[in-house]
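Visitor: Below are the sequence and a predicted model for it; my questions follow.
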Amino acid sequence: MENQTAEGRFTRQAIEISIKIGAIFLILSWCYKILEPFIVPVVWAGIIAVAIGPVCDWIQPRVGGNRKLAAALVTLFMLATLITPTTILASRAFDSIQDVHSKFERDEFHIEPPAEKVKEWIFIGDDVYRIWNEAASNLDRTVKKYEPQIEEQVKKIVKQAAGFGGAILMFVLSVIISGFFMAGARSGKDTLVLFARRLAGDAGEHFVNLSGVTIRNVTRGILGVAFIQAVLAAIGLYVMEVPGAPLLAFGVLVLGVVQISPGLILIPVSIYTFSVASPTIATIFLIWNLIVGMLDNVLKPLLMGQGSSVPTLVIFLGAIGGFLASGLVGLFVGAVIVVLGYELFQSWLHANDDEEPADSKETSV
């Protein structure tokens with residue numbers, strides 16, 4: 001009889017626990033479904049808040065210690081930095097497209113014949129000269145000849161432009177959310193530390209601090225270096241008066257962020273300048289672009305390991321692997337996950353290093 005009572009009690013407890021677990025799972029899955037559209041912007045907002053947090057800390061005492069005001073000023077500056085060049089770039093691109101379209105309608109659009117030096121371009125000179133010459137002599141016939149390829153490229157450009165516009169809107173939302181994160185940075189960090197301590201004990205705070213250092217190192221070592229390369233490339237492009245310099249500089253920035261050599265843009269542009277400028281000037285421009293392209297090899301090791309006990313190679317591999325697996329946000333998330341994994345492995349590896357050997361406890365007589 002007692003066995004039956006105990007069995008019934010166990011069954012009731014098992015059913016009750018199952019219902020509670022099911023209810024918790026239902027609530028969590030429902031919350032995830034509701035908040036799913038905001039996950040990426042919120043993750044980006046957290047990354048931005050951690051990366052820009054030191055700037056907010058520097059401004060705070062200069063505005064009377066008002067944390068909310070400091071966060072608002074930083075947020076407004078980031079929004080202006082993001083929106084202003086985007087608006088200028090979009091406006092110029094729209095004006096250029098409109099100008100070309102109106103010239104086409106008035107039959108006033110003409111292409112100048114290529115210079116003979118174009119044939120000397122490495123690998124592509126003959127093909128570029130031939131197509132360029134065809135377009136200069138009879139543009140309508142050339143457009144009809146390559147109409148399928150042109151339509152395909154136009155569709156890709158439109159799709160990429162739409163994706164770029166969506167990404168800009170997402171970043172604007174992330175910047176706004178990051179302002180709230182920075183305003184409540186202290187309480188937010190305390191919550192993260194409490195959560196990390198529940199997971200990792202006393203080492204939880206160390207892991208939270210290490211995650212922040214890693215995000216800042218990735219920001220400096222990848223985004224910062226990409227921005228420096230883009231600025232230097234833009235200076236060279238403007239000095240040489242290369243057509244489409246803003247777009248080319250933006251392309252250098254994008255390639256730098258995704259860890260592809262900006263030489264894919266700068267080397268062809270350097271080759272192009274040999275057909276429009278003197279050999280000396282073109283050679284100087286080529287050397288400048290080579291320096292810009294290789295700058296990341298010098299700056300990344302210097303910037304990505306600052307303030308961290310983790311080797312730079314581990315951070316870099318985590319950032320690149322994360323990017324390949326999860327896109328741009330993976331640059332940061334991947335680096336943080338790999339760094340935490342590295343630290344956990346090191347903690348396990350050296351767990352017994354501080355333990356005193358048994359033999360050493362014996363005292364000699």
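Guide: Sure, I can see it. Numbers count the residues shown, from 1 in each chain.

Visitor: residue ranges for the helices of the stretch 51-200 of the chain, please.
Guide: With DSSP state H, counting those that start in this stretch as the criterion, the stretch 51-200 of the chain has helices at 67-105, 125-137, 139-145, 147-183, 185-200.

Visitor: by contact count, what packs against the fourth one?
Guide: Meaning helix 147-183. Where contact means 3 or more CB pairs under 8 Å, 6 or more residues apart in numbering; DSSP states H and E, helix 147-183 is packed against helix 2-59, helix 67-105. Where you see a C-beta, it was placed from the backbone N, CA and C, and this is true even at glycine.

Visitor: Pull the distance from it to the chain's centre.
Guide: Remark: helix 147-183 is offset 13 Å from the chain centroid, using CA atoms, centre = their mean, to the nearest Å.

Visitor: buried set for it?
Guide: For helix 147-183, a neighbour-count test (16 or more other CB atoms under 10 Å) marks 171, 172, 173, 174, 175, 177, 178, 179, 180, 181, 182, 183 as buried.

Visitor: How about stretch 201-214?
Guide: So stretch 201-214, judged by 16+ other CB under 10 Å, has buried residues 204, 205, 207, 208, 209, 210, 211, 212, 213, 214.

Visitor: Which strand or helix spans the last one?
Guide: I take that to be residue 214. Assessed by DSSP states H and E, residue 214 sits inside helix 204-218.

Visitor: other SSEs contacting whichever helix or strand comes after that helix?
Guide: The element immediately downstream of helix 204-218 (helix or strand, assigned by DSSP H and E) is helix 225-239. Under the contact definition 3+ CB pairs under 8 Å, 6+ apart, helix 225-239 sits against helix 245-257, helix 263-273, helix 279-303.

Visitor: pLDDT score assigned to the closest residue in space to residue 198 that isn't next to it in sequence?
Guide: Leaving aside its sequence neighbours, residue 198 sits nearest to residue 204 (CB to CB, 6 or more residues apart in numbering; 7.3 Å). pLDDT for residue 204: 73.

Visitor: and residue 204, what is it in contact with?
Guide: By CB atoms under 8 Å, 6 or more residues apart in numbering, the contact set of residue 204 is 193, 195, 196, 197, 198.

Visitor: Could you pick out the buried ones from the residues you listed?
Guide: 193, 196.

Visitor: okay, the contacts of residue 204 in CSV with pLDDT and distance to residue 219 next?
Guide: Compiled in CSV, the contacts of residue 204 are given as follows (pLDDT from 0 to 100; distance: CB to CB, whole Å):
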residue, pLDDT, distance to residue 219
193, 75, 21
195, 74, 23
196, 75, 21
197, 77, 26
198, 74, 28
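
Visitor: Now render the contacts of residue 204 as a markdown table, adding distance to residue 227.
Guide: As requested, those are arranged in a markdown table below (distance: CB to CB, whole Å):
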| residue | distance to residue 227 |
| --- | --- |
| 193 | 31 |
| 195 | 33 |
| 196 | 31 |
| 197 | 36 |
| 198 | 38 |
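
Visitor: List just the nearest of the contacts of residue 204 to residue 335.
Guide: Nearest to residue 335 among the contacts of residue 204: residue 196, at 17.3 Å, using CB to CB.

Visitor: Tell me how far that closest one lies from residue 213.
Guide: Here the distance between residue 196 and residue 213 works out to 14 Å (CB to CB, to the nearest Å).

Visitor: try residue 51
Guide: Going from residue 51 to residue 213 by CB to CB gives 11 Å.

Visitor: Which one of the contacts of residue 204 is nearest to residue 322?
Guide: After measuring the contacts of residue 204 against residue 322 - CB to CB - the closest member comes out as residue 196, at 20.0 Å.

Visitor: okay, and the helix or strand of the chain with the least pLDDT?
Guide: In the chain, no helix or strand scores lower on mean pLDDT, DSSP states H and E than helix 185-200, which sits at a mean of 71.

Visitor: Tell me where the model's unsure across the stretch 101-250 of the chain.
Guide: Under the criterion pLDDT under 70, the flagged ranges of the stretch 101-250 of the chain are 101, 104-109, 120-123, 139, 161, 163-164, 185-189, 191.

Visitor: now with 80?
Guide: Scanning the stretch 101-250 of the chain for pLDDT under 80 picks out 101-129, 132-151, 153-168, 184-223, 243-244, 246-247.

Visitor: same check, this time on the stretch 251-365 of the chain
Guide: Along the stretch 251-365 of the chain, the parts satisfying pLDDT under 80 run over 254, 257-260, 275-276, 296-316, 319, 323-336, 340, 343-344, 346-365.

Visitor: Recalculate using a threshold of 70.
Guide: Counting by pLDDT under 70, the stretch 251-365 of the chain contains low-confidence ranges at 305-309, 328, 350-365.
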